[in-house]
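*Asks:* could you work out the structure for the sequence below:
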Amino acid sequence: MIKSKKTVLIKILSLFVIFVCVLNAGLFSAKAEETPSVAERALAAQKEIRSSSVGKYGMTPIYPDKVKDGVYPVSVESSSAGFRIIAAELKVSGGIMTADITISSTSYLYVYPGTAEQAESDEPENYIGSEEIDGHSVFTLPVEALNSPVPCAAYSKKRSRWYDRLLVFDAASLPEGTVDAELLDYELIEEAILAYDTSTAASEAAARPHKVPEAVSVPRSDGEYSIELNMTGGSGRASISSPTLMIVRGGKAYARLIWSSTYYDYMIVEDEMYYNLADEGSNSVFEIPITVMDYAMPVVADTTAMGDPLEIHYTLTFYEETIGSKGLIPQEAAKKVLFIAAAIIIIGAVPNYFLKKKRK
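*Replies:* Below is the predicted model of the structure:
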């Protein structure tokens, strides 16, 4: 009988140990090493980042009075890869131009001839709805001028918000004789400027060494601590958990940052890029050097929350006087609460088990 009780007790304690191990692994999972998939994702996102500017250098606006009445296929450049136009038809009549644009998806419910801010404050009856054809959305937009950025806000179905887009309708893509104005070879002009800028940038980059950030020294033994931080910049929708984990290695301070969003794929400190360490679907986690204490430290973080990859500038200020125990970090405190609760449940279950056995 005694042997049987000991066996049951050992089994219960074994289950408790397994439970604690699983709990510790699940509450704060971050990859210790960069995985190829994360690195590839970040580099791909960086390559796809594009400016909000559209059109070509030197373009002169072409207004409806310079365009013959008719219906013409036209090329359209969009400022967003997420709002890609695969076909467009320009209609000109009596000094008014409109265009039927077909986008590559059905991700947008409405468009608006103006900015996202203007759309949000306007009445819904002024929104332009779409016609869905073969998995694509078609919108009819007013076009004030060709060869000039046309503001077009787009309302995302998935995120239920407006996004600013710019469109340029290329006059050179219209049939010959349609436009009563001289059209320069803007492609050639842009290529010449780009070639010059590229060679200049390359020489400047070669002259400037790659700047690797150096972590600040702290009067602490190697180990893990908590530290409070303040973040400024961005829209204010995303935040970093504070206090956060500070790791001291060789007397130098590094921070493990946990974002409130899953959409951040890399961060940049000075000239060095740091990749997201979190598992897919978990809040983004980065380990970066703390280069200065008690002063604003500029960083860049890339997010895909708005569809297109976007690099946002932030400043982080770490406060040296707040360095404390690792247990002050919210995630660590949560671990302790769950650990104690589990211990109470399991420890309370042991005498209850034997009491029931004794009654039998």
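*Asks:* walk me through the domains of this structure.
*Replies:* Domain assignment for the chain by automatic domain parsing gives 1-30+336-360, 31-47+213-328, 64-182.
*Asks:* turn these into CSV, including mean neighbour count, mean pLDDT and distance to Gly55.
*Replies:* Quick note: C-beta positions are derived from backbone N, CA and C, even for glycine. Converted to CSV, the domains of the chain look like this (neighbours: other C-beta atoms under 10 Å; pLDDT from 0 to 100; distance: least, C-beta to C-beta, whole Å):
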stretch, mean neighbour count, mean pLDDT, distance to Gly55
domain 1-30+336-360, 11, 52, 43
domain 31-47+213-328, 16, 86, 18
domain 64-182, 16, 94, 4
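*Asks:* can I get the ones you listed in CSV including distance to Lys56?
*Replies:* CSV is the format used below for these (distance: least, C-beta to C-beta, whole Å):
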stretch, distance to Lys56
domain 1-30+336-360, 45
domain 31-47+213-328, 21
domain 64-182, 8
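*Asks:* Tyr57: which of those is closest?
*Replies:* When those are compared by C-beta to C-beta, domain 64-182 sits nearest Tyr57, at 11.5 Å.
*Asks:* spell out the residue ranges of the helices in this structure.
*Replies:* All helices of the chain, identified by DSSP state H, fall at 2-27, 36-48, 116-121, 186-207, 330-359.
*Asks:* from the chain's centre, how far out does the third one sit?
*Replies:* Yep, that's helix 116-121 we're talking about. Offset of helix 116-121 from its chain centre (C-alpha atoms, centre = their mean, to the nearest Å): 22 Å.
*Asks:* and that helix, what does it pack against?
*Replies:* Applying 3 or more C-beta pairs under 8 Å, 6 or more residues apart in numbering; DSSP states H and E, one finds that helix 116-121 contacts strand 108-112, strand 153-156, strand 161-163.
*Asks:* kindly recompute the last result at 10 Å.
*Replies:* strand 108-112, strand 150-151, strand 153-156, strand 161-163 (3 or more C-beta pairs under 10 Å, 6 or more residues apart in numbering; DSSP states H and E).
*Asks:* could those go into JSON lines alongside distance to Leu188?
*Replies:* Listed next are those as JSON lines, based on distance: least, C-beta to C-beta, whole Å:
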{"stretch": "strand 108-112", "distance to Leu188": "32"}
{"stretch": "strand 150-151", "distance to Leu188": "24"}
{"stretch": "strand 153-156", "distance to Leu188": "32"}
{"stretch": "strand 161-163", "distance to Leu188": "32"}
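*Asks:* out of these, flag the one nearest Glu320.
*Replies:* strand 161-163 (39.0 Å).
*Asks:* can you give the strand pairings for the closest one, parallel or anti for each?
*Replies:* Take DSSP bridges as the rule and strand 161-163 pairs in its sheet with strand 153-156 (antiparallel).
*Asks:* next one: Ser121 from Thr115, what distance?
*Replies:* Ser121 sits 10 Å away from Thr115, going by C-beta to C-beta, to the nearest Å.
*Asks:* over to Ser261?
*Replies:* 24 Å.
*Asks:* do Pro175 as well
*Replies:* Distance from Pro175 to Thr115, by C-beta to C-beta: 32 Å.
*Asks:* likewise for Ile101?
*Replies:* 18 Å.
*Asks:* tell me which residue is most central in the protein.
*Replies:* Thr303 (1.4 Å; C-alpha atoms, centre = their mean).
*Asks:* need the contact list for it.
*Replies:* The contact partners of Thr303, taken as C-beta atoms under 10 Å, 6 or more residues apart in numbering, are 45, 234-235, 237-238, 259, 261-266, 284, 309-312.
*Asks:* do that again at 6 Å, thanks
*Replies:* Residues counted as contacts of Thr303 (C-beta atoms under 6 Å, 6 or more residues apart in numbering) are Tyr263, Tyr264, Leu310.
*Asks:* out of these, flag the one nearest to Val150.
*Replies:* For the contacts of Thr303, the nearest to Val150 is Leu310 (21.5 Å; C-beta to C-beta).
*Asks:* can you give me the strands in the stretch 201-350 of the chain?
*Replies:* 223-227, 229-233, 244-249, 252-258, 264-269, 272-275, 285-289, 297-303, 310-318 (DSSP state E, counting those that start in this stretch).
*Asks:* would you turn those into a markdown table with distance to His136?
*Replies:* Below are those laid out as a markdown table (distance: least, C-beta to C-beta, whole Å):
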| stretch | distance to His136 |
| --- | --- |
| strand 223-227 | 50 |
| strand 229-233 | 37 |
| strand 244-249 | 45 |
| strand 252-258 | 39 |
| strand 264-269 | 28 |
| strand 272-275 | 35 |
| strand 285-289 | 38 |
| strand 297-303 | 27 |
| strand 310-318 | 25 |
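*Asks:* done for today, thanks.
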